[in-house]
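*Asks:* Kindly generate the corresponding structure for this input.
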Amino acid sequence: MNMSKNELIEAITSVNKSATRDFLSEFGERELYDYVRQLESVSPPVRSGQSSVGNNPADCAPEPQAV
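*Replies:* Numbers count the residues shown, from 1 in each chain. Sure, this is the predicted structure:
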C-alpha cells in the first residue's frame, strides 16, 4: 500500500461521486485501500497510464431491483 490517505480518498471520489471526503476520512488507510482494490476489481481494464476505475458509466449504475 503506497498511497497516502488523501490519495486513496481522491481515487475513491473520482469513481464514487456520492462519497464525500468527510465521510471517507472517518475510515483508516487499510479500509480505504481495500475499497480502492474492490473498485479496481470490478472495473474493466484500460490502456496503460489510465485508471481502471470509473471509465464505464455502468460502474455507477444502481443495482436492478427485484420485483
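*Asks:* can we go C-alpha only for contacts and neighbour counts from here?
*Replies:* Fine.
*Asks:* CA atoms only for stretch 19-29, dumped as CSV, please.
*Replies:* What follows is stretch 19-29, C-alpha atoms only, in CSV (Å, rounded to 0.1, in the frame of the first residue of the first chain):
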residue,chain,number,x,y,z
ALA,A,19,-18.7,9.5,-1.5
THR,A,20,-17.7,12.7,0.4
ARG,A,21,-14.2,13.4,1.7
ASP,A,22,-15.7,14.0,5.1
PHE,A,23,-17.3,10.5,5.1
LEU,A,24,-14.3,8.7,3.8
SER,A,25,-11.9,10.5,6.2
GLU,A,26,-13.6,8.5,9.0
PHE,A,27,-12.0,5.3,7.7
GLY,A,28,-8.5,4.1,8.2
GLU,A,29,-6.0,3.7,5.4
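*Asks:* what comes up buried for it?
*Replies:* For stretch 19-29, a neighbour-count test (16 or more other Cα atoms under 10 Å) marks 24, 29 as buried.
*Asks:* likewise stretch 29-39?
*Replies:* Buried residues in stretch 29-39, counting neighbours by 16+ other Cα under 10 Å, are found at 29, 32-33, 35-36, 39.
*Asks:* average pLDDT across that stretch?
*Replies:* On average, the pLDDT along stretch 29-39 is 94.
*Asks:* what's whichever strand or helix holds I9 packed up against?
*Replies:* If you go by DSSP states H and E, I9 is part of helix 5-15. Counting by 3 or more Cα pairs under 8 Å, 6 or more residues apart in numbering; DSSP states H and E, the packing neighbours recorded for helix 5-15 are helix 21-24, helix 29-41.
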